[in-house]
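Undergrad: Can you look at this prediction? I've put the sequence above it.
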Amino acid sequence: QVQLAESGGGLVQVGDSLRLSCAASGRTLSSMAWFRQAPGKERVFVAGITYSGGSTRYADSVKGRFTISRDNAKMTVYLQMNSLKPEDTAVYYCARARSPLVTVDPADFGSWGQGTQVTVSS
C-alpha cells in the first residue's frame, strides 16, 4: 500500500503562485492526479500525469495556469499553481491511480493523501 502526504498549501493573494508537493512511500507510484474539494462541493479532478510523465491532463478551469510534474526518483508529484483565483480555494488531494491511465473519476484512484488547504484571498 502507498502512503501519500501533501504539503505546500497556504493563504495567498489573487495572482500569486503556490507549488504543492505530494510525497509517496510504500508501493511504486502509478499514474497520479490532483483533485480538489471546495466546501459543500464534490471532489473534482484538477490535473493528472502518467508514470513516465509523458502524458498530462488538466481540467479546463486550470489549463494554462497549473502544471503537474513528477520526480519518480524522489517519489514526489508536484502541482505548480500560477495566477491563482478565489475559485481555486479548496482542499487539494493527490491520488494514485489504479491503472496506468489518467482518468478524471475519483473512483479510479485507490490511494489518497490527507489533503492540503489552499485559500486564495481577494
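TA: Cool, the structure landed. What you see is a predicted model; the values in this text were computed from it and never measured.
Undergrad: I'd assumed residue 47 was in contact with residue 79.
TA: Yes: counting by Cβ atoms under 8 Å, residue 79 touches residue 47, with 6.2 Å between them. (Each C-beta comes from the backbone N, C-alpha and C, glycine too.)
Undergrad: Need the residues touching each of these two.
TA: Common contacts of residue 79 and residue 47 (Cβ atoms under 8 Å, 6 or more residues apart in numbering): 34, 66-68.
Undergrad: Who wins on neighbours among those residues?
TA: residue 34 (26 neighbours; other Cβ atoms under 10 Å).
Undergrad: which stretch of helix or strand covers that residue?
TA: strand 32-37 (DSSP states H and E).
Undergrad: Give me the packing partners of that strand, helices and strands only.
TA: Counting contacts by 3 or more Cβ pairs under 8 Å, 6 or more residues apart in numbering; DSSP states H and E, strand 32-37 packs against strand 18-25, strand 44-49, strand 66-71, strand 76-81, strand 90-97.
Undergrad: and if we set it to 6 Å?
TA: Contact here means 3 or more Cβ pairs under 6 Å, 6 or more residues apart in numbering; DSSP states H and E; on that basis strand 32-37 packs against strand 44-49, strand 90-97.
Undergrad: Could you give the bridge partners of the spatially most central residue of the chain?
TA: By Cα atoms, centre = their mean, the chain has its centre lying nearest to residue 34, at 2.2 Å. On the basis of DSSP bridges, residue 34 is bridged to residue 47, residue 94.
Undergrad: any idea how far residue 23 is from it?
TA: With distances taken as Cβ to Cβ, to the nearest Å, residue 34 is found 14 Å from residue 23.
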